[in-house]
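Student: Take a look and give me a structure for this.
(one chain, ligands or ions: 1)
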Amino acid sequence: MLFKIVMHDEKINRLHEMKKKAELGGGQERIEAQHTKGKLTARERLDLLLDSNSFIEIDKYVVHRSNDSDATKYYGDGVITGFGTVNGRQVFVYAYDFTILGGSLGEMAGRKIVKLMDHAIKVGAPLIGILDSGGARIQEGVMSLDGYGDIFFRNTMASGVIPQITASIGPCAGGAVYSPAMTDFVIMVENIGQMFVTGPEVVKEVLSQEVSFEDLGGARTHSTKSGVAHFVAENEYECMDKIKKLISFIPQNNLEVSPVIETQDDPNRLEPDFSKILPENPYEQYDMKQIIKLLVDKGDFLEVHEHFAENILVGFARIDGKTIGIIANQPMYLAGALDINSSTKAARFIRFCDCFNIPIVTLVDTPGYLPGTDQEHNGIIRHGSKLLYAYCEATVPKVTCIIGKAYGGAYIAMGSKNLRADINYAWPTAEIAVLGPEAAITIVHRKDLKNSKNPIEIKKKLAKEYRQKFANPYIAAEKGIIDLVIDPIETRIMIVKALNVLQNKRESRPVRKHGNINL
Ligand code: HXC
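Tutor: Below is the predicted model:
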């Protein structure tokens, strides 16, 4: 009997030793090196993200099986995978462990991630990836490429089924960048997260250009220029908080709706300040975010792509406790005109909302499409059409309110009835017409203006007449293109009522393999 107990203990001790070793990753020295770089370890990151004691790690004792590899075998093989909860909600997570072979992806690490993704899709829970990786593991050659290929396939299969979120908290080089790009949201930590397909050395070698890691693929670059990053965090703590906040707005999967939160904000709240924000002079700027904050519960607006294509605002909020996705022109930037980046930004966001049963509220104040060779040559026709496509395709409840200008193609693009918005309101200040007054009279009255001795005065007079005659919401309301012109003070109430009535909306599209969005 005693012999049996000793044997038992030995086996259990062995497990505990293995566990201890696995949890040390690449060893104490490399953990310290990670801290010296100002980075947390993969395990510390998971501790921050997940509810305490909720994490169950799987494949903890997996090691690489490459015959050719000189690399030492480490338990876990450079990536920690498992499941846990975030504020009580089930999630699946993987975190690259940079202390093991630079978090590079070999065959077995790839298999671990793929297994986890399959679980997440089956269970229907969000998948969160924490990236800190040197890319394809050089020693494992084609088998690491094989791993990436399998991950990309799962990213595609999971798309529109479960929310996928990526945090870039370290280098994400080569193959490590494409999987994040296929996920729904990417969050980068300033001065730590870096994403690039080819690094500065390769850029120098091929193009003789000198560029720093940060300028090439840092958080600033990707959140302002490329649009790869949807969120930026100052540090890893803020990064985890932002992920938690994002999760709170979205559902577990495409068959569920977002959690309803008791926000203690009166759905019947009248808001006299709405009309104070809108300047009397339609050429003056104002901040659309102020309108959004008055509209939504407790002013809580989680802006997505805050620093990219700032002429359009997109993000999550709640109205009467239920999540909505907001799309709004921002007159503070480019007067709220639509351009390439704002069109693709809004289109992608609309598609996310549509995948995950999140109603869309659109606030309109746009003078039209941004003109110019830069826009035309870079494909505003191709990219602008994505916004039209995304609105047309979306079958979630869609409520639009035109606040100010809604001219030309941009009127159609911003959630018009034609694109199957369900309820379209307008403020009395709305200007719905083919062209803005100045542009319209220059075309319609070209001859009069040419022959006039005082063209500036005449132009002013004609513009005033045009504005009175055409630039208002009533012609559209007469035709039923606008359902109702509302007093701005009651905007919140009217949107609450519209969303309530649309709650059980059912709408389908023709059966097909898939549409062919103009990519
Ligand atoms: C194997 C790697 C590795 C890799 C890093 N390491 N990258 N091991 N394969 N891809 C190892 C290092 O040898 C080192 O091991 C440890 O990780 C830490 O790396 P350092 O270079 O010391 O760290 P740091 O100075 O912080 O630089 C990090 C780095 C750099 C910027 C990521 O390591 C780097 O440039 N790595 C290579 C990036 C790359 O080109 N990857 C392949 C991309 S091609 P020791 O034992 O010393 O601790 C690709 C194709 C896929 O991914 C395409 C799919 C579509």
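
Student: Now find how far off-centre stretch 269-288 is within its chain.
Tutor: 27 Å (C-alpha atoms, centre = their mean, to the nearest Å).

Student: which of the residues in that stretch are buried?
Tutor: Buried residues in stretch 269-288, counted by 16 or more other C-beta atoms under 10 Å: Glu271, Phe274, Ser275, Ile277, Leu278, Pro282, Tyr286, Met288. For glycine as for every other residue, the C-beta is placed from the backbone atoms N, C-alpha and C.

Student: Repeat that for stretch 422-437.
Tutor: 422-427, 429-433, 435-437.

Student: could you pick out which of those are near the ligand?
Tutor: Filtering the buried residues of stretch 422-437 for proximity to the ligand by C-beta under 6 Å from any ligand atom leaves nothing.

Student: Show me the two of those residues that sit farthest apart.
Tutor: By the measure C-beta to C-beta, Asp422 and Pro437 form the most distant pair in these, at 30.3 Å.

Student: if we can go back for a sec, mind giving me CSV with the buried residues of stretch 269-288 and columns for pLDDT?
Tutor: Converted to CSV, these look like this (pLDDT from 0 to 100):
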residue, pLDDT
Glu271, 94
Phe274, 93
Ser275, 87
Ile277, 94
Leu278, 91
Pro282, 82
Tyr286, 96
Met288, 98
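
Student: Tell me the one of those nearest the ligand?
Tutor: Among the buried residues of stretch 269-288, Met288 lies closest to the ligand (C-beta to the nearest ligand atom), at 38.9 Å.

Student: Count the neighbours of the residue nearest to Val197 when sequence neighbours are not counted for me.
Tutor: Take Val197 and drop its neighbours on the chain: the residue closest to it by C-beta to C-beta, 6 or more residues apart in numbering is Val177, 6.0 Å away. Using other C-beta atoms under 10 Å, Val177 is surrounded by 24 other residues.

Student: What average pLDDT does the helix ranked longest in the chain get?
Tutor: Secondary structure of the chain per DSSP state H: the longest helix is helix 2-23. Across helix 2-23, the average pLDDT comes to 86.

Student: following whichever strand or helix holds Ala120, which helix or strand shows up next?
Tutor: Assigned by DSSP states H and E, Ala120 belongs to helix 107-123. For helix 107-123, the following helix or strand on the C-terminal side (DSSP H and E) is strand 127-133.

Student: how about that following strand as CSV, C-alpha atoms only?
Tutor: The C-alpha trace of strand 127-133 is given here as CSV (Å, rounded to 0.1, in the frame of the first residue of the first chain):
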residue,chain,number,x,y,z
LEU,A,127,-11.5,34.6,-30.0
ILE,A,128,-8.8,36.9,-28.7
GLY,A,129,-5.2,36.6,-29.9
ILE,A,130,-2.3,38.4,-28.2
LEU,A,131,0.5,38.8,-30.6
ASP,A,132,4.2,39.1,-29.8
SER,A,133,6.0,37.1,-32.4
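
Student: Among the buried residues of stretch 422-437, which lie within helices?
Tutor: Pro437.

Student: taking the buried residues of stretch 422-437 one by one, which sit in strands?
Tutor: Ile423, Asn424, Tyr425, Ala426, Glu431, Ile432, Ala433 (DSSP state E).

Student: Distance to Val232 and pLDDT for those - can I get that in a markdown table?
Tutor: Converted to a markdown table, those look like this (distance: C-beta to C-beta, whole Å; pLDDT from 0 to 100):
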| residue | distance to Val232 | pLDDT |
| --- | --- | --- |
| Ile423 | 35 | 98 |
| Asn424 | 34 | 98 |
| Tyr425 | 34 | 98 |
| Ala426 | 35 | 98 |
| Glu431 | 35 | 94 |
| Ile432 | 36 | 94 |
| Ala433 | 38 | 90 |
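
Student: Give me every residue in this structure lying close to the ligand.
Tutor: 101-102, 104, 134-139, 145, 148, 171, 173-175, 178, 199.

Student: I'd like the list of these that fall within helices, please.
Tutor: Leu145, Tyr148, Tyr178.

Student: For those residues, give me JSON lines that also has neighbour count.
Tutor: As requested, these are arranged in JSON lines below (neighbours: other C-beta atoms under 10 Å):
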{"residue": "Leu145", "neighbour count": "17"}
{"residue": "Tyr148", "neighbour count": "19"}
{"residue": "Tyr178", "neighbour count": "16"}
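
Student: between the residues you listed, which is nearest Ile250?
Tutor: Of these, the one sitting nearest to Ile250 (C-beta to C-beta) turns out to be Tyr178, at 22.7 Å.

Student: rewinding a little: so, if you compare the ones in helices among the residues of the chain next to the ligand, which one comes nearest to Gly78?
Tutor: For these, the nearest to Gly78 is Tyr148 (13.6 Å; C-beta to C-beta).

Student: Pairing partners for Leu313 in the sheet, please.
Tutor: Beta-bridge partners recorded for Leu313 (DSSP bridges): Ala328.

Student: isn't it right up against Gln330?
Tutor: Yes: counting by C-beta atoms under 8 Å, Gln330 is a contact partner of Leu313 at 5.1 Å.

Student: At which residues are the strands of the stretch 301-450 of the chain located?
Tutor: 302-304, 312-319, 322-329, 360-366, 398-407, 423-426, 431-433 (DSSP state E, counting those that start in this stretch).

Student: I'd like the ones you listed written out as CSV, with distance to Lys20 added.
Tutor: Conversion of the strands of the stretch 301-450 of the chain to CSV gives the following (distance: least, C-beta to C-beta, whole Å):
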stretch, distance to Lys20
strand 302-304, 40
strand 312-319, 41
strand 322-329, 42
strand 360-366, 50
strand 398-407, 55
strand 423-426, 60
strand 431-433, 68
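
Student: right, and the ones you listed - which one's nearest Glu190?
Tutor: Closest among those, using C-beta to C-beta: strand 302-304, at 16.7 Å.

Student: Run through the neighbouring helices and strands of the least confident helix or strand in the chain by mean pLDDT.
Tutor: Least confident element among the helices and strands of the chain, by mean pLDDT, DSSP states H and E: helix 446-451 (a mean of 79). Applying 3 or more C-beta pairs under 8 Å, 6 or more residues apart in numbering; DSSP states H and E, one finds that helix 446-451 makes contact with helix 455-469.

Student: Mind listing what's buried along the helix it packs on?
Tutor: Ile458, Lys459, Leu462, Ala463, Tyr466, Arg467.

Student: would you list these in CSV and tack on pLDDT?
Tutor: What follows is the buried residues of helix 455-469, written out as CSV (pLDDT from 0 to 100):
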residue, pLDDT
Ile458, 83
Lys459, 81
Leu462, 84
Ala463, 83
Tyr466, 84
Arg467, 82
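
Student: As a markdown table, the residues you listed with distance to Met188 would be great.
Tutor: Formatted as a markdown table, those follow (distance: C-beta to C-beta, whole Å):
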| residue | distance to Met188 |
| --- | --- |
| Ile458 | 54 |
| Lys459 | 48 |
| Leu462 | 50 |
| Ala463 | 46 |
| Tyr466 | 47 |
| Arg467 | 45 |
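
Student: from these, which single one is nearest Tyr94?
Tutor: Arg467 (56.9 Å).

Student: The residue nearest to that closest one when sequence neighbours are not counted and the ligand, how far apart?
Tutor: Nearest non-adjacent residue to Arg467, counting by C-beta to C-beta, 6+ apart: Pro437, 5.0 Å away. Pro437 sits at a distance of 52 Å from the ligand (criterion: C-beta to the nearest ligand atom, to the nearest Å).

Student: Might you report the residue contacts of Pro437?
Tutor: Counting by C-beta atoms under 8 Å, 6 or more residues apart in numbering, Pro437 touches Leu462, Ala463, Lys464, Tyr466, Arg467, Phe470, Ala471.

Student: In TSV: the buried residues of stretch 422-437, plus distance to Gly515.
Tutor: Output for the buried residues of stretch 422-437, formatted as TSV (distance: C-beta to C-beta, whole Å):
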residue	distance to Gly515
Asp422	20
Ile423	25
Asn424	24
Tyr425	29
Ala426	30
Trp427	33
Thr429	36
Ala430	31
Glu431	33
Ile432	28
Ala433	31
Leu435	31
Gly436	33
Pro437	37
